[in-house]
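J.: Output the structure for:
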Amino acid sequence: MALLEIKDLHVKVDGKEILRGVNLEIDKGEVHVLLGPNASGKTTLAMTIIGMPAYKVSEGKMLFDGEDLANLDPTQRAKKGIGFVFQFPPAIRGVKLRDIIRLCGGKDAWDPSKEPEEKFAIEMLEKVGLPSNFRERDVNVGFSGGEKKRSELAQILAMKPRLMVLDEPDSGVDIDSLKLIGKRVDDFVKETGSSLLLITHYRHILQYVETGFAHVMCGGKIIVTGDPEDILSRIEEEGYCAYVDVCPPEIKKDMEKFMHV
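T.: Residues are numbered from 1 along each chain as shown. As a prediction, this is how the structure comes out:
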């Protein structure tokens, strides 16, 4: 039984159908990369997996370790072991980074009367290359792009999810942050046996994350699945237009309009 099993998933946002029959299986310990042009449905799929209310499932099923996710809210899904890193992590004023890291790790907010020296958040921050004084800052307030992504990663490492869903962790980061994020994610997968769904446009982060499967989304469906190196090489050589001819007929017209071909 797959850890995550998605069957003929159709999803609407504001009444418009975005996903049009997605099928995907991710087994325990597997690393999958999800590719595709802008507006192909990648982030919609991620948001649906974590249960964001605006993303309405109209058909199909999502099973996590055999359990239907339909009636579980985002908090319940997180408690089941689904962790998510946003493409654009929000800033949260009034909430200390140390406390949200501790919350992700199943710990109470830091109480100096019970714990004179806070250690847990510091350990997570060290793993992602952020100074210990970041624990006193409000979550992502005034952080650079790379610092925000490292902050999110520290929270995920604290959570120790069974499935990580990372939405473009390589966007808006410099080469040093990219390398660190990629290596920490790869180490975490190998150390814990966690599964990973990594959404990206490019191969840059895949230099550091060992992937087993690649999928290409087009018009709200996964239309190509195969070896990551083969698929990425073809995309880099020909662009996503190379996949237009294998789009299902009902979405080919939309894709052609999007790609201006």
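J.: So in the chain, where's the weakest helix or strand by average pLDDT?
T.: helix 249-259 (a mean of 52; mean pLDDT, DSSP states H and E).
J.: Could you count how many residues lie near Pro89?
T.: By other Cβ atoms under 10 Å, 21 other residues sit near Pro89. (C-beta placed from N, C-alpha, C; glycine too.)
J.: Who are the contact partners of the nearest residue to Ile205 once chain neighbours are set aside?
T.: Closest residue to Ile205 apart from its sequence neighbours, by Cβ to Cβ, 6 or more residues apart in numbering: Asp170 at 4.1 Å. Asp170 is in contact with Leu178, Ile181, Gly182, Thr200, Tyr202, His204, Ile205, counting by Cβ atoms under 8 Å, 6 or more residues apart in numbering.
J.: repeat for Ser195
T.: The contact partners of Ser195, taken as Cβ under 8 Å, 6+ apart, are 3-4, 26-32, 162-164, 189.
J.: who wins for neighbours among these?
T.: When neighbours are counted by other Cβ under 10 Å, Met164 leads the contacts of Ser195 with 26 neighbours.
J.: Hmm, Leu196 and it touching each other?
T.: Yes: between Met164 and Leu196 there is a contact under Cβ atoms under 8 Å: 4.9 Å.
J.: Endpoints of stretch 89-105, how far apart?
T.: End-to-end distance for stretch 89-105, by Cα to Cα, to the nearest Å: 19 Å.
J.: so where's the protein shaky on pLDDT?
T.: In the prediction, the chain carries residues with pLDDT under 70 at positions 241-261.
J.: Now do the strands in it.
T.: 4-13, 16-26, 31-35, 55-64, 67-68, 82-85, 92-96, 138-139, 163-167, 195-199, 213-218, 221-226 (DSSP state E).
J.: Need the contact partners of the third one.
T.: With Cβ under 8 Å, 6+ apart as the contact definition, strand 31-35 has outside contacts at 24, 26, 42, 45, 189, 195-201, 206, 209-217, 222, 228, 231-232, 235.
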